[in-house]
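A.B. asks: Predicted model, plus sequence, below.
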Amino acid sequence: MLNISENSVAHRINPRKYSSLRSFEDENETRRRPKRLLLIFVVVCVVLIFLPWTQNIQANGQVTSRHPSNRPQDLQSVISGRIEKWHVAEGDFIEKGDTLLTLSEVKDSYFDPDLLVRTREQIKAKKASRQSYREKAEALADQITALTEARKLKLSQAANKRRMSALKVEADSVTLIAQQNQDSIALNQYRRAQRLYEQGLYSQTDLENRRQKWQEARAKRISAERKLLSSRNGLLNAELEINNLAADFRQKISKARSERLSALSNQYTAEAEISKLKNQLANYQIRRGNYFVKAPQDGYFTQGINTGVGETIKEGTRIATIMPASLDLAVEMYVRPIDLPLLNKGQPVRIQFDGWPAVFFSGWPGVSFGTFGGRIVAIDRFASRQGKFRVLVSPDPADQPWPEALRVGGGALTFTLLKDVPIWYEVWRQINGFPPEFYQFDKQSMPSGNKKAKK
């Protein structure tokens with residue numbers, strides 16, 4: 001039935017009573033079903049492409065500690081030695097200062113069991129030597145002071161003697177002048193008496209008396225000259241004595257100063273040797289203390305590397321590995337250089353740890369299960385050998401705490417949350433290979449804990 005007539009009889013006939021009509025209607029229903037499904041699918045797709053999608057950057061990472069002192073520590077030997085005894089076993093909890101290992105000496109320079117005692121005796125002897133040189137220098141200083149005072153007195157005495165000699169020369173000079181005048185007067189009187197005698201006015205006796213007086217005056221003048229010369233010679237001797245005294249005391253004082261400087265030099269040499277010996281003694285004491293390898297901090301003794309008793313090790317050799325007890329867990333992830341400009345400190349990150357079941361929808365982090373929150377606290381300024389940049393993520397104080405069973409070195413998958421965009425835009429971006437939306441992270445929304453960490 002084509003049902004094309006204007007006088008329809010369809011309402012008078014029940015098509016379900018006839019098998020041919022019933023099969024025809026079922027066939028039409030079957031043909032319309034795919035169209036309906038396709039229409040529903042198109043409607044659902046149109047609705048989905050307008051749903052919000054959270055862009056993110058995925059990166060692999062591993063659990064670490066934010067502070068270097070809380071990461072696994074390699075314990076090394078400071079000195080060379082031979083392993084005598086282990087005091088701990090692997091897995092034991094150790095406290096700071098606990099003795100882990102005992103070493104014995106292997107260098108012949110330190111074999112002497114009384115090395116510290118002998119070094120102290122050397123220091124004591126050098127101190128006595130230094131004291132002797134110090135006392136000698138003080139005695140020579142006193143001697144120099146005494147010589148200086150004696151020189152002052154002697155030079156003063158010699159100066160007085162020179163002054164006396166000068167005054168004597170002056171007196172003898174005056175005496176000589178007086179005797180010269182007397183000799184001249186006596187000579188003139190003798191000559192007048194001789195003329196008067198030749199004229200017959202003066203007697204022979206008086207003439208002889210005048211001659212005698214003249215000769216006496218002449219003798220006195222010669223004696224005065226002799227005394228003057230002797231006084232001048234005495235003045236020269238006094239000046240020479242002053243010069244000799246000054247030179248003699250200068251030599252003695254110079255010698256005493258030289259000996260004093262030599263004593264001071266020996267004293268300083270002894271002090272230097274004492275300091276050197278004290279340094280050696282301190283080094284010996286520290287070396288004796290290094291025979292006992294102690295724990296640098298609280299933690300767990302995880303692995304002994306050189307384990308054989310009697311085994312010889314060198315300085316700087318790794319002995320064991322210690323895992324610190326206090327952990328400031330963080331995740332270090334490595335991102336591509338193209339994603340680096342999209343990251344900022346304080347930016348939220350979702351983390352999926354290895355060993356913890358999780359269901360994560362990258363576009364809808366709000367409906368994910370089993371992931372943990374974090375915040376970016378550090379971004380390296382240089383790339384690693386693989387050409388990626390390391391980013392450090394710490395726990396988000398506003399989110400649930402990280403599992404207590406986490407261990408350093410465990411794997412993690414991170415999702416750095418970016419901007420919310422429609423799904424159609426994200427599909428278009430992925431097809432064209434464009435980077436995620438770039439935007440500046442609002443630092444005012446950063447938690448207070450991260451702000452403190454940034455400072």
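C.D. replies: Nice, I can see it.

A.B. asks: low-scoring pLDDT stretches of the stretch 1-150 of the chain, where are they?
C.D. replies: The stretch 1-150 of the chain contains residues with pLDDT under 70 at 1-33, 35, 46-56.

A.B. asks: quick one: the strands in it?
C.D. replies: 52-65, 73-76, 81-86, 93-94, 99-104 (DSSP state E, counting those that start in this stretch).

A.B. asks: partners of the second one in the sheet?
C.D. replies: By that I understand strand 73-76. When sheet partners are counted by DSSP bridges, strand 73-76 sits next to strand 318-324 (antiparallel).

A.B. asks: Show residues contacting the helix or strand following the strand it pairs with.
C.D. replies: Next helix or strand after strand 318-324 toward the C-terminus (DSSP states H and E): strand 329-335. Here strand 329-335 makes contact (Cβ atoms under 8 Å, 6 or more residues apart in numbering) with 57, 59-66, 343, 349, 351, 374, 377, 384, 386, 388-395, 402, 406, 408, 412, 414, 416. For glycine as for every other residue, the C-beta is placed from the backbone atoms N, C-alpha and C.

A.B. asks: just stretch 163-183 next, same as before
C.D. replies: Stretch 163-183 is touched from outside by 214, 217-218, 220-221, 223-225, 227-228, 230-232, 234-235, 237-238, with contacts defined as Cβ under 8 Å, 6+ apart.

A.B. asks: how about the CA coordinates for stretch 89-103, as PDB?
C.D. replies: Output of stretch 89-103 as PDB, limited to C-alpha atoms (Å, rounded to 0.1, in the frame of the first residue of the first chain):
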ATOM      1  CA  ALA A  89      74.500  -3.600  60.200                       C
ATOM      2  CA  GLU A  90      72.700  -2.500  57.100                       C
ATOM      3  CA  GLY A  91      69.200  -1.200  57.800                       C
ATOM      4  CA  ASP A  92      70.100   0.000  61.300                       C
ATOM      5  CA  PHE A  93      69.000   3.400  62.500                       C
ATOM      6  CA  ILE A  94      71.900   5.500  63.500                       C
ATOM      7  CA  GLU A  95      72.200   8.800  65.400                       C
ATOM      8  CA  LYS A  96      74.600  11.600  64.800                       C
ATOM      9  CA  GLY A  97      78.000  10.700  66.400                       C
ATOM     10  CA  ASP A  98      77.500   6.900  66.500                       C
ATOM     11  CA  THR A  99      80.600   5.000  65.600                       C
ATOM     12  CA  LEU A 100      80.100   3.000  62.400                       C
ATOM     13  CA  LEU A 101      83.600   1.700  61.700                       C
ATOM     14  CA  THR A 102      87.000   1.400  63.400                       C
ATOM     15  CA  LEU A 103      90.200   1.800  61.400                       C
END
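
A.B. asks: Mind listing what's buried along it?
C.D. replies: For stretch 89-103, the neighbour count (16 or more other Cβ atoms under 10 Å) marks 94, 100-103 as buried.

A.B. asks: Pull the number of nearby residues for Ser132.
C.D. replies: 14 (other Cβ atoms under 10 Å).

A.B. asks: Next one: it from Ala263, what distance?
C.D. replies: Per Cβ to Cβ, to the nearest Å, Ser132 is found 9 Å from Ala263.

A.B. asks: Can you give me the distance of Gly387 to Ile338?
C.D. replies: Separation of Gly387 from Ile338 (Cβ to Cβ): 11 Å.

A.B. asks: do you know how far Ser165 is from Lys152?
C.D. replies: Ser165 is 20 Å from Lys152, by Cβ to Cβ.

A.B. asks: One more: Glu105?
C.D. replies: Applying Cβ to Cβ to Glu105 and Lys152 gives a distance of 64 Å.

A.B. asks: In terms of neighbours, single out the busier of the two.
C.D. replies: More neighbours surround Glu105 than the other of Glu105 and Lys152, with 18 against 11 (other Cβ under 10 Å).

A.B. asks: who's in contact with that one?
C.D. replies: Contacts for Glu105 (Cβ under 8 Å, 6+ apart) come out as 81-82, 111, 291.

A.B. asks: How is this protein divided into domains?
C.D. replies: 1-49, 54-66+328-454, 73-105+291-324, 115-289 (automatic domain parsing).

A.B. asks: Could you check how far the longest one is from the centre of its chain?
C.D. replies: Here domain 115-289 is found 62 Å from its chain centre; the criterion is Cα atoms, centre = their mean, to the nearest Å.

A.B. asks: Regarding that domain, how distant is the last residue from the first?
C.D. replies: Length of domain 115-289, first residue to last, Cα to Cα, to the nearest Å: 14 Å.

A.B. asks: what separates the nearest residue to Gly304 once chain neighbours are set aside from Gly308, distance-wise?
C.D. replies: Once flanking residues are discounted, Gly304 sits nearest to Ala320: 4.8 Å by Cβ to Cβ, 6 or more residues apart in numbering. Ala320 sits 13 Å away from Gly308, taking Cβ to Cβ as the criterion.

A.B. asks: Compare those two and say which one has the larger neighbour count.
C.D. replies: Higher neighbour count among Ala320 and Gly308: Ala320, with 23 against 10, using other Cβ under 10 Å.

A.B. asks: what residues are up against the more buried one?
C.D. replies: For Ala320, the contact set (Cβ under 8 Å, 6+ apart) comprises 74-75, 100-101, 301-305.

A.B. asks: go again using 10 Å as the cut-off
C.D. replies: 73-77, 86, 88, 90, 100-101, 293, 295, 301-307 (Cβ atoms under 10 Å, 6 or more residues apart in numbering).

A.B. asks: could you flag which of those residues are buried?
C.D. replies: By 16+ other Cβ under 10 Å, the contacts of Ala320 give 73, 75, 77, 86, 88, 100-101, 293, 295, 301, 303-304 as buried.

A.B. asks: helix, strand or coil for the residue of the chain most remote from its centre?
C.D. replies: Farthest-out residue of the chain from its mean C-alpha position, per Cα atoms, centre = their mean: Gly200, at 123.8 Å. The three-state label given to Gly200 by DSSP: H, G, I helix; E, B strand; the rest coil is coil.
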